[in-house]
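Q: Here is a sequence with its predicted model. Questions after.
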Amino acid sequence: SNQFTPSKLRLMNDYVENIMKKTTNFINKSIKQNEPIEIVKMNVNIATDIIIQALFGIETDCFEEKSLFSSLGPKMFCSKTSKKTLISSVAPKLNDLLKINIFEKDVTEFVKNIMEDVIEYREKNQINKNDFLDAMINIMKTNENSDKKEKYFPDKTRVPDYSFKTILAQVLLLIGGGAESVSMPMSFFLYEVSLNQEIQDKCREEIMAVVNETGTDIRPEDVSKLTYLDMTIKETVRKNPPFIMLMRKCTKRYQFRDSKLTIDPGTLILAPVRNIQLDPNNYPEPGSFIPERFSDENKAAFDAGAFLPWGFGPRMCLGKNFGRLEMFLVMSRLLRNYRFTMSSKTEVPVKVCKYTMVVTPDPGIWLNVEPINQS
């Protein structure tokens, strides 16, 4: 969680600047060829590039056709992976019996090799970037040092496993989650503002007002000024949350009001996020895209527990601030420079894949893109 502190999140600006240069080249090439852009793949490339920079401190180019990185996100959160994740969560004993590996072997090996190469390079050249990977290297050293273990974990029965294998598993989850859980909301954001041009214009006007004031692209410290963009992003993840459900384990016996129904400790709870956020009892006209729901004067009317794109309470997603800031910086740059309109190639309303835990457009979203005249 220390990797998602405000000081670390400020590095997001550098990550975004690096990938947006490549994104701009990709978009401009498509405009010259007069072709609509499949924005889901575009946003997966952006999000994968950013999470790899954040985790390993290395730059990639997911827009390169031969880039092995660009296939990481889709491979890690395909329908097969979602089914394996569900089995491992709902029936862990069955998962162990069948020896199910959530991620495909080639994906695991690819990420493992990257980790080993980067760690070896840093240790050989005494490089310390004070980033996620350095934190993991220090944790592994603590794991190998019995004296440090006793100092930090005097209760030997509760010593965590910080081996390379365990950290590799965490890195795999962070890459997959960081790529898909951000790229899908970014894609749905562009889809919604393409259908609602007045909302797109209002977001752009707000962005340009801040840009004209500061003389630069939107930075992390400018995000608080973008209140309408904030409302639009929230409405995006309300209507199209990253995940269809949340899984939690009951820790204390609970009895429903006016009912004999109880939930016992140890029971696995599946919260259907998408159903909750599309319930008209929670949000009137749930199928309509209305950013104003989240204005200061309106949001008090809604139950905070009915807004669950990143979870709720102490178990809320640790990467929420990372993903949210990424959306602000990427979407603000795209809307500042381009207008997005719906392509006839896209089916409206867009369908979502029935077999993935991540809410994914099926087969995709194609948008027409034209440059904004900055003069």
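A: Thanks, I have it. Residues are numbered from 1 along each chain as shown.

Q: Now do the contacts for the closest residue to Gly287 other than its chain neighbours.
A: Computed as C-beta to C-beta, 6 or more residues apart in numbering, the closest residue to Gly287 that is not its neighbour in sequence is Leu278, at 7.2 Å. The way it works is simple: take the backbone N, C-alpha and C, and place the C-beta from them, glycine included. Contact partners of Leu278, counting by C-beta atoms under 8 Å, 6 or more residues apart in numbering, are 239, 286-287.

Q: Could you let me know which of those residues ends up closest to Asp106?
A: Using C-beta to C-beta, Lys239 comes nearest to Asp106 of these, at 34.8 Å.

Q: I'd say the closest one and Phe188 touch.
A: Yes - using C-beta atoms under 8 Å, Lys239 is in contact with Phe188, at 7.4 Å.

Q: And these two? Which one has more around it.
A: More neighbours surround Phe188 than the other of Lys239 and Phe188, with 26 against 21 (other C-beta atoms under 10 Å).

Q: all helices of the stretch 101-250 of the chain, in order?
A: 105-124, 132-144, 146-152, 164-195, 197-214, 227-239 (DSSP state H, counting those that start in this stretch).

Q: Can you check which of the ones you listed gets nearest to Pro36?
A: helix 164-195 (10.7 Å).

Q: Now pLDDT and distance to Met327 too, for the contacts of Leu278, in CSV please.
A: What follows is the contacts of Leu278, written out as CSV (pLDDT from 0 to 100; distance: C-beta to C-beta, whole Å):
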residue, pLDDT, distance to Met327
Lys239, 96, 15
Pro286, 95, 21
Gly287, 95, 22
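
Q: As CSV, those residues with distance to Val182 would be great.
A: CSV is the format used below for the contacts of Leu278 (distance: C-beta to C-beta, whole Å):
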residue, distance to Val182
Lys239, 16
Pro286, 23
Gly287, 24
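
Q: Which single one of those is nearest to Gln53?
A: The closest of the contacts of Leu278 to Gln53 turns out to be Lys239 (C-beta to C-beta; 29.4 Å).

Q: Can you tell me, leaving aside adjacent residues, what's nearest to that closest one?
A: Phe289 (6.2 Å).

Q: Ile31 is nearest to which of the helices of the stretch 101-250 of the chain?
A: helix 164-195 (15.2 Å).

Q: So for that closest one, what gets flagged as buried?
A: Buried residues in helix 164-195, counted by 16 or more other C-beta atoms under 10 Å: 167-168, 171-172, 174-195.

Q: State the distance from the residue nearest to Gly287 to Ala301.
A: The gap separating Leu278 from Ala301 is 17 Å, by C-beta to C-beta, to the nearest Å.

Q: List the contacts of Ala301.
A: Taking C-beta under 8 Å, 6+ apart as the test, Ala301 contacts no residue whatsoever.

Q: Would it be right to say that it lies in a strand?
A: No - using DSSP: H, G, I helix; E, B strand; the rest coil, the assignment for Ala301 is coil, not a strand.

Q: Distance-wise, check Ile46 relative to Asp61.
A: Going from Ile46 to Asp61 by C-beta to C-beta gives 11 Å.

Q: More neighbours: which of the two?
A: Ile46 (27 against 16).

Q: Let me know the pLDDT of the residue nearest to that one when sequence neighbours are not counted.
A: In space, not counting the residues next to it along the chain, Ile46 is nearest to Ile19; the distance is 5.4 Å by C-beta to C-beta, 6+ apart. Listed pLDDT for Ile19 reads 90.

Q: likewise Lys151?
A: Lys151 is assigned a predicted lDDT (pLDDT) of 49.

Q: To what extent is Pro280 buried, counted in neighbours?
A: Pro280: 9 neighbours (other C-beta under 10 Å).

Q: now Asn298
A: The burial count for Asn298: 13, using other C-beta under 10 Å.

Q: Give me the nearest residue to it, chain neighbours excluded.
A: Glu292 (6.1 Å).

Q: Confirm for me that the one you found is in contact with Asp230.
A: No - counting by C-beta under 8 Å, Glu292 stays clear of Asp230, with 11.9 Å between them.

Q: quick one, which of the two is more surrounded?
A: The neighbour comparison of Glu292 against Asp230 (other C-beta under 10 Å) goes to Asp230, with 20 against 13.

Q: Report the separation between the more buried one and Glu221.
A: 14 Å.

Q: And stretch 29-43, end to end?
A: One end of stretch 29-43 to the other measures 16 Å (C-alpha to C-alpha, to the nearest Å).
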